[in-house]
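Engineer: Dropping a prediction and its sequence here:
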Amino acid sequence: MTRSTYPVDIAIIGGTGLYSLPGLEVMETLEVETPWGAPSSPITISRVKTEGVYVAFIARHGLHHTLNPTEVPYRANIAALKHLGARVVLSFSAVGSLREELAPGHFILPSQCIDRTKGLRPHTFFEGGAIAHVGFADPYNAGKCVHKDKTLVCMEGPAFSTRAESHMYRAWGGDVINMSGLPEAKLAREAQLAYQTVCMSTDYDCWRQGEEAVNVTSVMEVMKENGQNASALVLVLIPALAQAIKAGDGGLKEVEGIISTSCLTPLKDIPEGTRASLHYLHPEHF
Ligand SMILES: CSC[C@H]1O[C@H](OP(=O)(O)O)[C@H](O)[C@@H]1O
Ligand SMILES: Nc1ncnc2[nH]cnc12
């Protein structure tokens, strides 16, 4: 069970094209093991001198992009960040746009999501004799942004959508699409972490008539610039997040303590192994 030498407050999960945070001074790099296995990458702990806060960073698909969206160890990632002390998670994701106005290069904060994953990814910490049902009606804990209150569709992948699917998601009210938004957001809620995904539009998927469909080359082309913008955005957001943590705002009031009202299984009836795993996540409760 790894601890950081530093008191971590904020966690950042980098997605496609964002494998490190160049603007931050790395203090240590941790190889972590959790009851749910090892996270996607070593976790770097960086100091933000001006704010006196420490930021943990994980590369979701591994440092060299070796994990596909189905293979990402979402539970280990969230559990490790929680165990290190994080209270707020900011996650970055390259997304396809399902709307004309969400052009490649734009950043979007979704407030809703539609789960189109296929049950292949472990998606809860509460199993094996400890059952909890957390509220997930409002999956994100956002602030303000140019494009907010949008709906993210999370598909299984790794192949991109067909044109028929892309049109269907638009008809459902989807605004952006990715492959790794879930179960990350659900697990963050179960870990009592305030969580927000920052979606970086890279393409128009394949719904536009007469236009070439999304492909990895075009995504990575746009991500070069998006990656730089994401790093800059992190530096701008850290003071606000640090402030929110101090004040107990930023969604913390909504998520901290929810396990005590969501867990149905009496402590005495939870098998010892399950309780030990959940203790890693919520030492105050299990
Ligand atoms: C290379 S495009 C598909 C890939 O990009 C997104 O990754 P992430 O969310 O980690 O930035 C999307 O979810 C897919 O995994
Ligand atoms: N069009 C798309 N579909 C799914 N995930 C994506 N990530 C980036 N673009 C995407």
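Structural biologist: Looks like it came in fine. Ligands and ions are numbered 1, 2, ... in the order given.
Engineer: For the stretch 51-200 of the chain, list the residues in contact with ligand 1, please.
Structural biologist: Selection of the stretch 51-200 of the chain residues close to ligand 1 by CB under 6 Å from any ligand atom yields 60-61, 69, 93-94, 157, 178-180. Backbone N, C-alpha and C define where each C-beta goes, glycine included.
Engineer: Just the closest residue of the protein to ligand 2, please.
Structural biologist: Closest residue of the chain to ligand 2, CB to the nearest ligand atom: residue 96 (2.2 Å).
Engineer: who in the stretch 1-150 of the chain is up against ligand 2?
Structural biologist: Going by CB under 6 Å from any ligand atom, the residues of the stretch 1-150 of the chain near ligand 2 are 94-96.
Engineer: Out of these, which end up buried?
Structural biologist: Buried members of those, counted by 16 or more other CB atoms under 10 Å: 94-96.
Engineer: Among these, name the ones in strands.
Structural biologist: Mapping those onto strands (DSSP state E) picks out 94-96.
Engineer: Can you redo those as TSV, where the extra columns are pLDDT?
Structural biologist: Shown next, in TSV, are those (pLDDT from 0 to 100):
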residue	pLDDT
94	97
95	98
96	98
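Engineer: Dihedrals phi and psi, residue 27?
Structural biologist: phi -90, psi -40 (degrees, to the nearest 10).
Engineer: Same check on residue 55?
Structural biologist: Dihedral angles phi and psi of residue 55 (degrees, to the nearest 10) take the values phi -120, psi 130.
Engineer: Just give me the neighbour total for it.
Structural biologist: Neighbours of residue 55 under the rule other CB atoms under 10 Å: 28.
Engineer: State the distance from it to ligand 1.
Structural biologist: According to CB to the nearest ligand atom, to the nearest Å, residue 55 and ligand 1 sit 18 Å apart.
Engineer: now, which of the ones in strands among the buried ones among the residues of the stretch 1-150 of the chain next to ligand 2 sits nearest ligand 1?
Structural biologist: residue 94 (3.9 Å).
Engineer: Not counting its neighbours along the chain, what's nearest the closest one?
Structural biologist: Among residues not flanking residue 94 along the chain, residue 16 sits closest, at 4.2 Å (CB to CB, 6 or more residues apart in numbering).
Engineer: can you count the residues close to that neighbour?
Structural biologist: Neighbours of residue 16 (other CB under 10 Å): 25.
Engineer: ok, the helix or strand hosting residue 199 near ligand 2 or not?
Structural biologist: Using DSSP states H and E, residue 199 sits in strand 194-203. Yes: judged by CB under 6 Å from any ligand atom, strand 194-203 and ligand 2 are in contact via 202-203.
Engineer: Could you list the buried residues of the helix or strand just after that strand?
Structural biologist: Scanning forward in sequence from strand 194-203 by DSSP H and E, the next helix or strand is helix 216-247. Residues of helix 216-247 classed as buried by neighbour count (16+ other CB under 10 Å): 219, 222-223, 226-227, 230-231, 233-234, 237-238, 241-242, 244-245.
Engineer: Could you list which of the residues you listed also contact ligand 2?
Structural biologist: Under the cut-off given by CB under 6 Å from any ligand atom, ligand 2 has residue 219 from those close to it.
Engineer: where are the low-confidence patches of the chain?
Structural biologist: Across the chain, the ranges flagged by pLDDT under 70 are 1, 143-146.
Engineer: most distant residue from the middle of it?
Structural biologist: The outermost residue of the chain relative to its centre, with distances by CA atoms, centre = their mean, is residue 210 at 33.4 Å.
Engineer: Any figure for the gap between the residue nearest to residue 94 and residue 154?
Structural biologist: Using CB to CB, to the nearest Å, residue 16 is found at 14 Å from residue 154.
Engineer: what's the answer for residue 255, then?
Structural biologist: Per CB to CB, residue 255 is found 20 Å from residue 154.
Engineer: and the residue nearest the centre of the chain, which of the three is it?
Structural biologist: For the chain, the residue sitting closest to the mean C-alpha position, by CA atoms, centre = their mean, is residue 91 at 4.1 Å. Secondary structure state of residue 91, per DSSP: H, G, I helix; E, B strand; the rest coil, is strand.
Engineer: Could you pull out the helices in the stretch 51-200 of the chain for me?
Structural biologist: 74-83, 163-171, 184-190 (DSSP state H, counting those that start in this stretch).
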